[in-house]
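Peer 1: Structure here, sequence nowhere to be found:
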């Protein structure tokens, strides 16, 4: 179902628009299914939880938070 939804939504989006999948509250299996379906952009307000889902080093996840915060401030 996730795979079908991702493919359907991406077909409907203009090429210059990126789909952002929100992984909050979804189990690791759902995140991996989305990844295997070609989804590469994820949003997660709790990066350490995301790191646990995708087996990313917690140090890397903490750095991602800092990078995201800097990017947000720079965008403002």
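Peer 2: Sure, I can see it. This one's a predicted model, so the numbers in the text were calculated from it and none came from an experiment.
Peer 1: give the contact list for residue 14.
Peer 2: Not one residue lies near residue 14 by C-beta atoms under 8 Å, 6 or more residues apart in numbering. In short, each C-beta sits where N, CA and C put it, glycine included.
Peer 1: Distance of it relative to residue 42?
Peer 2: Residue 14 sits 20 Å away from residue 42, going by C-beta to C-beta, to the nearest Å.
Peer 1: cool, and residue 53?
Peer 2: 9 Å.
Peer 1: what is in contact with the two at once?
Peer 2: Counting by C-beta under 8 Å, 6+ apart, the shared contacts of residue 53 and residue 42 are 23, 31.
Peer 1: Could you pull out the strands in the protein for me?
Peer 2: When secondary structure is read from DSSP state E, the chain shows strands at 21-22, 42-43.
Peer 1: Dump those strands into JSON lines; add mean pLDDT as well.
Peer 2: As requested, the strands of the chain are exported to JSON lines (pLDDT from 0 to 100):
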{"stretch": "strand 21-22", "mean pLDDT": "86"}
{"stretch": "strand 42-43", "mean pLDDT": "79"}
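Peer 1: Can you add mean neighbour count and distance to residue 5 and give those strands back as JSON lines?
Peer 2: Putting the strands of the chain into JSON lines (neighbours: other C-beta atoms under 10 Å; distance: least, C-beta to C-beta, whole Å) gives the following:
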{"stretch": "strand 21-22", "mean neighbour count": "15", "distance to residue 5": "10"}
{"stretch": "strand 42-43", "mean neighbour count": "14", "distance to residue 5": "15"}
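Peer 1: of all these, which lies closest to residue 8?
Peer 2: Within those, the stretch nearest residue 8 is strand 21-22; the backing value is 13.5 Å (C-beta to C-beta).
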